[in-house]
Every structure is written in structure tokens, then in C-alpha cells.
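> After the sequence you'll find the predicted model.
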Amino acid sequence: MTAAPQADAPKTSKAGRNLPAAIGVGVLLGVGLIAVLAYVPRVWFGVVAVALAIATWEVAKRLREGGMDVALIPLLAGGQAIIWSTWPWGMRGAMAAFAATTLVVMAWKLFAQGLADAPKNYTRDVALSILVLAWLPLMGAFGVDMVQQDDGRYRVFTLLIIVVASDVGGYIAGVLFGKHPMVPAISPKKSWEGMGGSLLFGTVAAVGCAQWLLQTHWWVGLILGPLMVLVATCGDLIESQIKRDLGIKDMGTLLPGHGGIMDRLDSLLPSAFVTWAVLTVLM
């Protein structure tokens, strides 16, 4: 008796992605973000707030599946408070909301089992909850704060362009030339050749953005580009290690060819802070 034929699995590229789906989703997301930033930049707050709420839920769900009970409700509410407090009060508002949410998380986990019972794994779960709070909404707050600057939409465009250029450069160089694994214990598909492609594409994009979008000195891009590529790569590796710890491939399944929302934000979130910091200091 022969087994029934199985449906063909989605074709993946050498880098492990369903390339047509990844490109299609990436183009749609890119067009949407360009339209928002070009015509209604304040809507960027809402876009980031929704994305971070979904990403927080994805991460919390995965951690809970791994037996780690993070404080989901305070994380969702506090994450929104961090993002929206940035609108009237800038990063001071975001930091105040972060501190307040941290206190709420500690109290929430202390009394999660009721007043009669001592909480279990209190230190671990509080620490993980605060990590998620800092990793997602706090880093995201730097991304929304930039849009309020006089040239804010161009600063956010710079962030997005450099991260995309780094990703594309790393993908092309990795697929064509990748032979020497960079960190095989964490991300086997990343290569030093791919890293070189990321540095080349990201730096060229940053210099171009500095001159033509931000109207500033070209050397600002020469500083920003390599720094952002390094930070974006570290952000990707950090999420890869967390997923390896949890024994999962992706944080979610919402975006075909990409995984979940968090799988697209892993390099953007730390890069948002770096972009904010470098441009604040140098411009």
C-alpha cells in the first residue's frame, strides 16, 4: 500500500526563506510605511503602537509556552503608555511610563497568585517581563520620537532604508558568496561574506540618506551606516538566540515568508535607538 502523495512544501531559498512570499509582504509593508510617513507622519505612532502590541503578544506567548509566565497585561498596557507618552512629552514621557510600568509589573507578579500564596519564579518572571518591556516598547519609543523632529519623516526613512539595505546586502552576498559561518552556534545561515555585503549596502545607503534626505554632511552616514549594521545584526542574533533557547523557528506566523511581527522588528528596534542617538548628537 503506497502512501498518499504529499503536497509540495513552499519553496525556500538558500537563506531559508519563502522568497516570493517574503518579497511580496516586504513590498506591501514598504509601500504602506512610505505612504504613512510621506502624507500622515503622525499616524506613525499608531502603526508602531499596533505593531509593538502584536509583537509583545507574540513574545509573551512564546515565553509562556516555554514555562515562563511574563506579565502580559501590564506589558501590553505599559507598552502603549510608553509609545503614546512620547507624543506630548518626548523621551522623558517614555522613560517615565517605562519606570511606572516596571513598578506595576513587580507588583502584578507579586500578587498574581493572590495574597495568601507566595509567587513562584518571581525573580525570573519579573526580569523577563522587564526585558520584554525594554526590548520592545522602550526601543520603539525612539523610533516614534524621531518623527516629531523638523525633519522627522526623513530620519525615520533613514532608519528604514539603512536596515533594509543591510538586510538585502547581507542576503545577496550570503547567497552568492557565503562560505564562512559567522556564528554557527546561534544562526548557521549567517556568514562573514553576508556581513560584508550588509556593511557595504548599509553604509552606501546611509551616506546617500545623509546627503539627499537629511541634507547633512556625508560623513554622518559613514558613522551611522556601519554602526547600524552592527547593531541590526546583533538584534537579529539576539532574537535568534532567544528562539533557540525556546526551541522555535519564528516568534509568529502573521507575515508569510517572514514569520511574526517580532521577526521583522528584531533588527529595527535597536537600530531605532542608534539612529535617534547618532542623529541627535551629530545634527
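Ah, there it is. Residues are numbered from 1 along each chain as shown.
> Could I get the full set of helices for the stretch 101-250 of the chain?
Assigned by DSSP state H, counting those that start in this stretch, the helices in the stretch 101-250 of the chain fall at 122-133, 139-146, 152-177, 192-212, 218-246.
> and Asn121, backbone torsions?
The phi and psi values for Asn121, taken as degrees, to the nearest 10, are phi 50, psi 40.
> Please report how far it lies from Lys109.
Distance of Asn121 to Lys109, given as C-beta to C-beta, to the nearest Å: 9 Å. (Each C-beta comes from the backbone N, C-alpha and C, glycine too.)
> returning to that earlier point: out of the helices of the stretch 101-250 of the chain, flag the one nearest Trp276.
helix 139-146 (4.0 Å; C-beta to C-beta).
> Looking at Asn121 and Lys109, which one has more neighbours?
Neighbours were counted for Asn121 and for Lys109 using other C-beta atoms under 10 Å; Lys109 has more, 23 against 13.
> quick one, what contacts the more buried one?
Ala71, Pro119, Tyr122, Asp125, Val126, Ser129 (C-beta atoms under 8 Å, 6 or more residues apart in numbering).
> Without its sequence neighbours, what residue ends up closest to the second one?
Nearest-residue entry for Pro119: Gln113, 5.4 Å, with adjacent residues in sequence omitted and distances by C-beta to C-beta, 6 or more residues apart in numbering.
> Neighbours of the one you found, how many?
The burial count for Gln113: 12, using other C-beta under 10 Å.
> Please apply the same query to Val27.
Val27: 10 neighbours (other C-beta under 10 Å).
> what sits against the residue nearest to Met182 when sequence neighbours are not counted?
Leaving aside its chain neighbours, Met182 sits nearest to Lys190 (4.7 Å; criterion: C-beta to C-beta, 6+ apart). Going by C-beta under 8 Å, 6+ apart, Lys190 touches Gly170, Gly174, Pro181, Met182, Val183, Thr233, Leu237.
> Pull out the buried members of those residues.
Those of the contacts of Lys190 that meet the buried threshold are Gly170, Gly174, Met182, Thr233, Leu237, by 16 or more other C-beta atoms under 10 Å.
> Turn the residues you listed into JSON lines, columns for pLDDT and distance to Arg62.
As requested, the buried ones among the contacts of Lys190 are exported to JSON lines (pLDDT from 0 to 100; distance: C-beta to C-beta, whole Å):
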{"residue": "Gly170", "pLDDT": "95", "distance to Arg62": "25"}
{"residue": "Gly174", "pLDDT": "94", "distance to Arg62": "26"}
{"residue": "Met182", "pLDDT": "94", "distance to Arg62": "25"}
{"residue": "Thr233", "pLDDT": "96", "distance to Arg62": "22"}
{"residue": "Leu237", "pLDDT": "95", "distance to Arg62": "17"}
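> Can you pick out the most distant pair from those residues?
Gly174 and Leu237 (14.1 Å).
> just the buried members of the contacts of Lys109?
Neighbour counting with 16+ other C-beta under 10 Å marks Ala71, Pro119, Asp125, Val126, Ser129 as buried within the contacts of Lys109.
> As a markdown table, those with pLDDT would be great.
A markdown table is the format used below for the buried ones among the contacts of Lys109 (pLDDT from 0 to 100):
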| residue | pLDDT |
| --- | --- |
| Ala71 | 96 |
| Pro119 | 85 |
| Asp125 | 96 |
| Val126 | 96 |
| Ser129 | 97 |
